[in-house]
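Enquirer: Structure for the following, please:
(5 chains, ligands or ions: 5)
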Amino acid sequence: SNQDSQEPVNKKELLISSAASLSNVMTELVDTFEEKNPTITISLNFGGSGKLAQQIQQGAPVDVFLSADQKWMDMLDENQLIVSESRVEFAENELVLVGSGENDIKGYSVQDIDFNRFDQIAIGNPDSVPAGSYAKEVLDSLGIWENIQEKLIYAKDVQQVLTYVESQNTDIGFVYESDLYSSGINKITTIDQDWYSPIVYPAAIMATSNAFTEAESFISFLKTDQAQAILQNHGFYN
Amino acid sequence: MLSLDITKQLESSFSIDMKFEVGEEIVVLFGPSGAGKTTVLNCIAGLSRPDDGSIQLKEQVLFEAKHKPIPIHKRNIGYLFQDYALFPHMTVRKNITYGMKDESLMNSLVKTVGIEHILDSYPRHISGGEKQRVALVRALATKPYLLLLDEPFSSLDDQTRKECQDELLRLHTIWKIPVIVVTHDYEEAIKLGNRILKMESGKIVNDL
Amino acid sequence: MLSLDITKQLESSFSIDMKFEVGEEIVVLFGPSGAGKTTVLNCIAGLSRPDDGSIQLKEQVLFEAKHKPIPIHKRNIGYLFQDYALFPHMTVRKNITYGMKDESLMNSLVKTVGIEHILDSYPRHISGGEKQRVALVRALATKPYLLLLDEPFSSLDDQTRKECQDELLRLHTIWKIPVIVVTHDYEEAIKLGNRILKMESGKIVNDL
Amino acid sequence: MNYTPFFLSLKIAGIATVIVFICGIVLARILSRNKFPGKRIVESVLMLPLVLPPTVVGFGLLYVFGKNGPIGGLLLDLFNFQVVFTWIGAVIAAIVVSFPLMYQSAAASFQNYDKNIENAALTMGASKWRVFWTITFPLAWPGLLAGLVLTFARALGEFGATLMIAGYIPNQTETIPLAIYFAVESGNMEVALFWVISIVIVGFSAILWLNWWSGRNILRFTSDN
Amino acid sequence: MNYTPFFLSLKIAGIATVIVFICGIVLARILSRNKFPGKRIVESVLMLPLVLPPTVVGFGLLYVFGKNGPIGGLLLDLFNFQVVFTWIGAVIAAIVVSFPLMYQSAAASFQNYDKNIENAALTMGASKWRVFWTITFPLAWPGLLAGLVLTFARALGEFGATLMIAGYIPNQTETIPLAIYFAVESGNMEVALFWVISIVIVGFSAILWLNWWSGRNILRFTSDN
Ligand SMILES: Nc1ncnc2c1ncn2[C@@H]1O[C@H](COP(=O)(O)OP(=O)(O)OP(=O)(O)O)[C@@H](O)[C@H]1O
Ligand SMILES: Nc1ncnc2c1ncn2[C@@H]1O[C@H](COP(=O)(O)OP(=O)(O)OP(=O)(O)O)[C@@H](O)[C@H]1O
Ligand code: MOO
Ligand SMILES: [Mg+2]
Ligand SMILES: [Mg+2]
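Expert: Ligands and ions are numbered 1, 2, ... in the order given. I've put the predicted structure just below:
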């Protein structure tokens, strides 16, 4: 019998909880990473950032957390569930306005758009969906947040905003630039970054991780040019 | 008047082939267990469908081959089922009044057959003979054009049975409707029947 | 041998108060509808609970006030229920073999009472008298230590009834067990009973 | 604290339950009476909303009742009425997801009783309608009650499909489950707990009341003792 | 295409259904036999998972079965076994959400039949156990089947609670509903449609088969014609 295995004996497993909005790009990033680090196998867990943070709080055996928003990472940090020093920001995103059907306002700047002409506007729930809170910032800065209250439909995630716009049940909606890469939706305009605070994606290693070295190498991989190129291909720029 | 001329194939080898008339009289169906007596009553009441023939009550054609039969609830027939078929979720009183047309009948009937004390009981809580008497009163209370009684007194003691028989005879002289009674008791047959139809394996073998 | 001495208050005014013994004989319980006959049988079988007293079968105490009674399924009693209580989801054959201890009994019994042709039918599809005979065979097939028959032949014609009665008498001479039969038919009582207990409103009024 | 979700949830679950109860019984009765080829297939199709995750059901409803959907478009053209993003949409979602529960319970309860009792009522001159209400219905009641309880509970707790078709519009389509979900998602645990307790109380009271009412008015006639 | 979700869903729904079917029947039987004060309250508590949005149920399960939770902590201490993020967690989620459906159906079906038939079997010497299996169970079958169908369908379609306690880990806890969600999330509509059709086919086949099997083996003895 052949005692020697082809595979390295000490293959380490790494469990990464990743925000659902990163799902496409993460699959590709993980493939590349595993190619470069044959001793590491990565399992991915996807979900809304809030759900993932709560799972971690309840002891889910996660090694690395990639959040779509600072708020939940902060919460974990306060509870000393992450290794604070390992926290990095690895990607950024932009907010865009999408619409259904033909639009004569294509390419307009957001301040030139008359939001009163729309019947319904879909945004993520600002209290729980990061994209929604950025959208709220924009509408606040434009000074129309109060006026268009009854036009707003709150969604539980960005995907639902896309569904509403795609099925033409709302006229427009606010989503991320990166979301356009996975849907054939019609972009009206990218919203100028001046109107809202920067959208950044933090990553960190969990305090309970017992694969610290491997986790560390994944996080540093995220900052490599190769990884950044992949992120850019999917609409996350940095 | 009821006139009947039907055939019906039973799953069990033999077939029913009956032809008879019942005027304003009591006719007794008499015959061994499994002869088809209940099946004949079911055909008249509309619960079974004959294969061929016709059934007529007064001027109304209840059943005729290849025609839509008169629905059960329009036949105006009082039927005491062999297994009583009391409504389990209703008191004896409600069972009786369910199809009652003549309120005044109730009290005297209930008293005669001796079931006053159980009027507020549920069928599950009364004895076999009491159930049978409730079923009898329920069938009579509809004041039907035709009365079908399938072994109406089989669970009764001699005294109670006699009282019920007498009540039936009394009502019959008043109502003057056709009545068919199934019984296995020859004495009873003689006492009640203006005519006795002896049947065997689905056929009338003797019209006394 | 069965010896019984029980009292039981019935919801309906009167109370049962019975004391009697049954040796290896047939005892007929005879009395008007509602007298409490079925209730007495239910107490013996364990389906009803007396208020006080005791019931003893052979050496076994089935019931004694303030003691845990012997569970129904350990009493080894053959019981023909007044309303048959056939298993609706089993064929006649399965109904009979359900509690059968002696396979050889089946064929002869089924033939004698004349229900061979319906062995594979379901209870819903057989006539009233056929049901009664199935219930009889089912009760006998358990080869019990005690047999309780609640109006076992009430739905049978004279010929069939005679055959069933004779079969019961024949088996009794072989088995030599206590048998209690409830009937309203005086002739039948005389033919079957070694003793006749006449009861009224829960009490024995005459021990013939 | 805003109590709208409380009343909205009761209204939506109540209306949906009444509709499902009636339609479920009627359909179960019709299908139990008629045998036709493919009946089992129809019955299985009726189970569909139970097999699919509610969000997917909501997705389907959005496309059917949406502004450009086959039914939604028609309603908009004919009556200028929009289903999407209204509480009516929530009622539709609740109806669709709870229908299978009522249907299965009703179909089962119409299967298992003595048909001869119905016949007896017919011979006594009762119309089919009266027989249904006075005999069939009370005898089938335990199963129908089970269906009713399941339907109300499911309609009250419906979330995924409702969110999709009715959207989350505070004060207009914000049922208790939606309120709970967003409170949890935004980490607002006190508010979430408040609404969890509310929905439990509403659900409990309704179920307890149904059981009590039924025990008092119907079950004591049909069950032992 | 990776077919793991298919087998995983079948495994999880299958195991959950068997457990729920047995426990639901046992509990319904026990509660239907014994009358005690507060019985209605126990029954209503059992309905809880139906009233709450599945995500919230999942949240509760996460607290109970999590590392620091009462049960999760115990399991970790005693067996060094962690429920969160495993397919066992998905089974637990499916059990909890579908239990009320089975319980209600079973409780209703044990209520409505002639107790004298059981007595007859007892007098014939059958043990309580045998009476249950040969008499009670087949006579209650239509209701039990309804419960079985509802349970399997619900377990198969379970999403919200599963996502919470089992996580979405491709190949490990990825049931069909999660695969649908993930495919939609990543804009992969063809894949989503593929899985929707798959789950419908799995659900249909299972329900059709159950109905057919039951019609062949049980119902033809108990229902008319
Ligand atoms: N629903 C049914 N389906 C098939 N066969 C039946 C059905 N009901 C009765 N039979 C059969 O038809 C025959 C006649 O039955 P029926 O009930 O008419 O007899 P009966 O004369 O009333 O007998 P009994 O005096 O025993 O009540 C019997 O052999 C019986 O087995
Ligand atoms: N389950 C019950 N609950 C309450 N009362 C009952 C119950 N069963 C019978 N009774 C009443 O008890 C009395 C005796 O009933 P039982 O059935 O023993 O009479 P029976 O002698 O067998 O009569 P039958 O010859 O009519 O069958 C009757 O008045 C009846 O109404
Ligand atoms: O990527 Mo998110 O956490 O669904 O906004
Ligand atoms: Mg008959
Ligand atoms: Mg009796």
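
Enquirer: count of residues packed around D:Leu139?
Expert: The number of residues packed near D:Leu139 is 24, by other CB atoms under 10 Å in any protein chain shown. Where you see a C-beta, it was placed from the backbone N, CA and C, and this is true even at glycine.

Enquirer: Oh, that last question was meant for B:Ser3, not what I typed.
Expert: Other residues close to B:Ser3 by other CB under 10 Å number 16.

Enquirer: Ignoring the adjacent residues along the chain, who's closest to the residue in chain A positioned nearest to chain E?
Expert: Closest approach between chain A and chain E, counting by CB to the nearest CB: A:Gly59, at 2.3 Å. Take A:Gly59 and drop its neighbours on the chain: the residue closest to it by CB to CB, 6 or more residues apart in numbering or on different chains is E:Lys67, 2.3 Å away.

Enquirer: right, and the one you found touches E:Leu76 too?
Expert: Yes - E:Lys67 lies in contact with E:Leu76 (CB atoms under 8 Å); the separation is 6.2 Å.

Enquirer: Now do the shared contacts for the two.
Expert: E:Gln82 (CB atoms under 8 Å, 6 or more residues apart in numbering or on different chains).

Enquirer: List the buried residues of the lowest-mean-pLDDT helix or strand in chain B.
Expert: Ranked by mean pLDDT, DSSP states H and E, the helix or strand of chain B with the weakest confidence is strand B:203-207, at a mean of 84. Using 16 or more other CB atoms under 10 Å in any protein chain shown as the test for burial, strand B:203-207 gives B:Lys203.

Enquirer: sorry, back to before: tell me how many other residues surround the residue nearest to A:Gly59.
Expert: For E:Lys67, using other CB under 10 Å, the count is 18.

Enquirer: Could you do the one 3 residues further on as well?
Expert: The burial metric for E:Pro70, expressed as a neighbour count using other CB under 10 Å, is 10.

Enquirer: Wait, a strand at the residue of chain A closest to chain E?
Expert: No - applying DSSP: H, G, I helix; E, B strand; the rest coil, one finds A:Gly59 to be coil, outside a strand.

Enquirer: Just the terminal-to-terminal distance for stretch A:117-128.
Expert: Its first and final residues considered, stretch A:117-128 spans 27 Å by CA to CA, to the nearest Å.

Enquirer: the strands in chain A, which residues?
Expert: Remark: strands assigned in chain A by DSSP state E are A:12-19, A:40-47, A:64-66, A:88-93, A:95-99, A:121-124, A:152-155, A:172-176, A:186-190, A:199-205.

Enquirer: what about the second one, near ligand 3?
Expert: No - for strand A:40-47, no contact with ligand 3 is found by CB under 6 Å from any ligand atom; the gap never falls below 7.5 Å.

Enquirer: From the chain's centroid, how far away is that strand?
Expert: Relative to the centre of its chain, strand A:40-47 is centred 16 Å away, using CA atoms, centre = their mean, to the nearest Å.

Enquirer: again with the fourth one
Expert: The offset between the C-alpha centroid of strand A:88-93 and the centroid of the whole chain comes to 9 Å, using CA atoms, centre = their mean.

Enquirer: Same question for the fifth one.
Expert: A distance of 16 Å separates the C-alpha centroid of strand A:95-99 from that of its chain, computed with CA atoms, centre = their mean.

Enquirer: Mind naming the longest helix for chain B?
Expert: Secondary structure of chain B read by DSSP state H shows that its longest helix is helix B:158-175.

Enquirer: mean confidence score for that one?
Expert: Average pLDDT, helix B:158-175: 94.

Enquirer: low-confidence ranges in the chain?
Expert: Let's take chain A. Scanning chain A with the threshold set as pLDDT under 70 gives A:1-9, A:101-103, A:238.

Enquirer: hmm, I had chain D in mind actually
Expert: Scanning chain D for pLDDT under 70 picks out D:1, D:112-113, D:218-225.

Enquirer: So which residues on it come close to chain A?
Expert: D:59, D:62-63, D:66-69, D:84-85, D:163-164, D:167-170, D:181-182, D:184-188 (CB under 8 Å from any CB of the partner chain).

Enquirer: Go through these and flag which are in strands.
Expert: Among these, no member lies in strands (by DSSP E).

Enquirer: Now, of those residues, which are buried?
Expert: D:59, D:62-63, D:66-67, D:69, D:84-85, D:163-164, D:167-170, D:181-182, D:184-188.

Enquirer: Please name the nearest non-neighbouring residue to whichever residue of chain A sits closest to ligand 1.
Expert: Proximity of chain A to ligand 1 (CB to the nearest ligand atom) peaks at A:Ser167, 56.4 Å away. Setting aside the residues directly before and after it, A:Ser167 is nearest to D:Gly66 in space (CB to CB, 6+ apart), at 5.0 Å.

Enquirer: Confirm for me that that neighbour is in contact with D:Val84.
Expert: Yes - under the criterion of CB under 8 Å, D:Gly66 makes contact with D:Val84 at 5.5 Å.

Enquirer: Between these two, which contacts overlap?
Expert: A:Asn169, D:Gly72.

Enquirer: Quick check: A:Leu97 vs chain D, distance?
Expert: Distance, A:Leu97 to chain D, by CB to the nearest CB, to the nearest Å: 19 Å.

Enquirer: Contacts only, for that residue.
Expert: Applying CB under 8 Å, 6+ apart, we find A:Leu97 in contact with A:Val110, A:Ile113, A:Ile172, A:Gly173, A:Phe174, A:Lys187, A:Ile188, A:Thr189, A:Thr190, A:Ile191.

Enquirer: which residues in chain D form helices?
Expert: Using DSSP H, helices in chain D cover D:4-33, D:39-46, D:48-51, D:54-65, D:70-79, D:87-109, D:115-123, D:128-131, D:137-157, D:160-166, D:176-185, D:189-214, D:220-222.

Enquirer: now those helices in CSV, with distance to ligand 5?
Expert: Output for those, formatted as CSV (distance: least, CB to the ion, whole Å):
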stretch, distance to ligand 5
helix D:4-33, 35
helix D:39-46, 43
helix D:48-51, 48
helix D:54-65, 56
helix D:70-79, 62
helix D:87-109, 31
helix D:115-123, 21
helix D:128-131, 30
helix D:137-157, 25
helix D:160-166, 57
helix D:176-185, 56
helix D:189-214, 32
helix D:220-222, 22
